[in-house]
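**Q** Sequence and predicted model, in that order:
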Amino acid sequence: MAAPSAASSAAADPVATARMTMDGNMIFHPDVRLPLPVLQPGDVRCQCGAIHFRVPSPTPLGVYHCHCPECRRQSSSAYGTSAVYPVRGLFPLDPVLRSKLSVYIRPGARSRTGRDMACYFCTVCGARVLHRYLKRRGGTTAAVRPRPDDRTGCGGGGDLGGDGAEGTEATETTIKSTLGEVDLEDEASYDGTTLTIKGGLIAGLDYSQAVHIYTEQAVVDIPPGVEQYPGTPPESR
Ligand SMILES: [Zn+2]
Ligand SMILES: [Zn+2]
């Protein structure tokens, strides 16, 4: 396939170039012919390479394999893997990194936590990168109740009251969630001190202590001997 002519002149800005070279449903990534960077443990890289950053701490606070239907759909796979990290050191997001990420707001109505979740993904290749919970807005709903699964980056369950709760996809700074205006660049919009990064993007991630959750909804066998829970993990974790 011939490379689009625009690719050679703007390789420094892969997202902008990809947009310029859109042709129907095809997006030509300018870096597709270039070798991908050699990764060190803790490097986070999406499929296409436009997204590349370091985890905010050397080791995650936890690693979860979630078997709920939401995580299946989110990951387009049999289950989703999330590694929990402190927010500090990653947020506020570097402006260059932020410019390459789009955001899908997963409605709280679809999860047992009841909270909207900001789901950042690569604008070029679509790989889901990180999740962070949002505070409730508008004051018309019940107060947020911290739940043990808050930090798994999932919320669990799936297929819960999804009717009428359409997601919002936006690249704008300020978006409308199901509960009102949310400014994604304002730290006050977010809830909690942790976020999750999708495990498959993290070079050298240690899966040996990974916990399987929502196994009651699993579509694959759970390896014997691993820590597992039919639903949410216990709050003590
Ligand atoms: Zn899940
Ligand atoms: Zn990408």
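**A** Looks like it arrived, so ask away. Small disclaimer: the values here were computed from a predicted structure and weren't measured. Numbering: from 1, shown residues only. Ligands and ions are numbered 1, 2, ... in the order given.
**Q** Only C-alpha atoms from now on, for both contacts and neighbour counts.
**A** Noted.
**Q** Helices of this protein, start to end?
**A** 14-20, 69-75, 95-99 (DSSP state H).
**Q** The last one: which residues count as buried?
**A** Buried residues in helix 95-99, counting neighbours by 16 or more other CA atoms under 10 Å, are found at 98, 99.
**Q** Kindly report the same for stretch 67-76.
**A** Within stretch 67-76, the residues that qualify as buried are 67, 68, 69, 70, 71, 72, 75, counting by 16+ other CA under 10 Å.
**Q** residue contacts, the residue nearest to residue 89 when sequence neighbours are not counted?
**A** Ranked by CA to CA, 6 or more residues apart in numbering and with sequence neighbours excluded, the top spatial neighbour of residue 89 is residue 56, at 5.0 Å. Counting by CA atoms under 8 Å, 6 or more residues apart in numbering, residue 56 makes contact with 85, 86, 87, 88, 89, 90.
**Q** Quick check, residue 57 in contact with residue 87.
**A** No - the pair residue 57 and residue 87 fails to qualify as a contact (CA atoms under 8 Å) at a distance of 9.4 Å.
**Q** where does the chain come near ligand 2, residue by residue?
**A** 46, 48, 50, 122, 124, 125 (CA under 5 Å from the ion).
**Q** What I need now is those written out in TSV, including pLDDT and neighbour count for each item.
**A** Shown next, in TSV, are the residues of the chain next to ligand 2 (pLDDT from 0 to 100; neighbours: other CA atoms under 10 Å):
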residue	pLDDT	neighbour count
46	92	21
48	85	18
50	87	23
122	93	25
124	86	24
125	88	18
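**Q** ok so, going back, please flag which of the contacts of residue 56 sit within strands.
**A** 85, 86 (DSSP state E).
**Q** closest to ligand 2 among the contacts of residue 56?
**A** Set against ligand 2, the nearest of these by CA to the ion is residue 90 (18.2 Å).
**Q** Which residue, other than its chain neighbours, is closest to the closest one?
**A** Excluding the flanking residues, the one nearest residue 90 by CA to CA, 6+ apart is residue 56, at 5.6 Å.
**Q** quick one: which two of the residues of the chain next to ligand 2 are the most distant?
**A** The span of the residues of the chain next to ligand 2, defined through CA to CA, is set by 46 and 124 at 9.5 Å.
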